[in-house]
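J.: Structure of the sequence below:
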Amino acid sequence: MSSRSSYAPSRAAVRKVKRQANGNGHVDGAGSSDAYRRKLTAEASCKEADARRKQLQLRHMSAELVDRAAVTAAARKIVVTIKNRIESIPDALAMLLPPDIRPEAVHDLRESARMILVELAAMRHVDKAND
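T.: Modelled structure (predicted):
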């Protein structure tokens, strides 16, 4: 791919369209008018845009590209599952602790879980800022 805008035709594409006209770059009666050049440029742009669209479709069909909405939904589901599991750790561990230290330990575990979730939430906002 070139570094140019996807709407700007390459010089090679314009030359090809000109050669296809009648060999010298002129359509009968068209001369070398600005309208003719604009038409060639537009045709070349359309061909390049179609080629790019077809390439993206092929990449999507071959699973090189995936639907953004599907990825976002899957990621949300994973994040919610992780969040729920982290929040359930203090209560699950509470039953393993002796009763005399259980309340303070559960409080500390919940605070640790909350801090982990705060850090994860901060990472999400950093990632959005980098998009």
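J.: Okay, buried residues for the host helix or strand of residue 72 please.
T.: Assigned by DSSP states H and E, residue 72 belongs to helix 68-94. For helix 68-94, a neighbour-count test (16 or more other CB atoms under 10 Å) marks residue 90 as buried. For the C-beta atoms, the positions are set from N, CA and C on the backbone; glycine is no exception.
J.: State the mean pLDDT of that helix.
T.: Averaging pLDDT along helix 68-94 yields 92.
J.: Output the contacting helices and strands for that helix.
T.: For helix 68-94, the elements it packs on are helix 102-130, judged by 3 or more CB pairs under 8 Å, 6 or more residues apart in numbering; DSSP states H and E.
J.: Only the buried residues of the helix it packs on, if you could.
T.: 105, 109, 113.
J.: Is the second one in contact with residue 97, as I believe?
T.: No: the pair formed by residue 109 and residue 97 falls short of the contact definition of CB atoms under 8 Å, at 9.3 Å.
J.: circling back: angle of the helix holding residue 72 against helix 102-130?
T.: 160 degrees (axes from the mean of the first three to the mean of the last three CA atoms, to 10 degrees).
J.: Following element in sequence after the lowest-mean-pLDDT helix or strand in the chain, please.
T.: Least confident helix or strand, the chain: helix 11-22 with a mean of 67, by mean pLDDT, DSSP states H and E. Once helix 11-22 ends, the next helix or strand along the chain (criterion: DSSP H and E) is helix 34-61.
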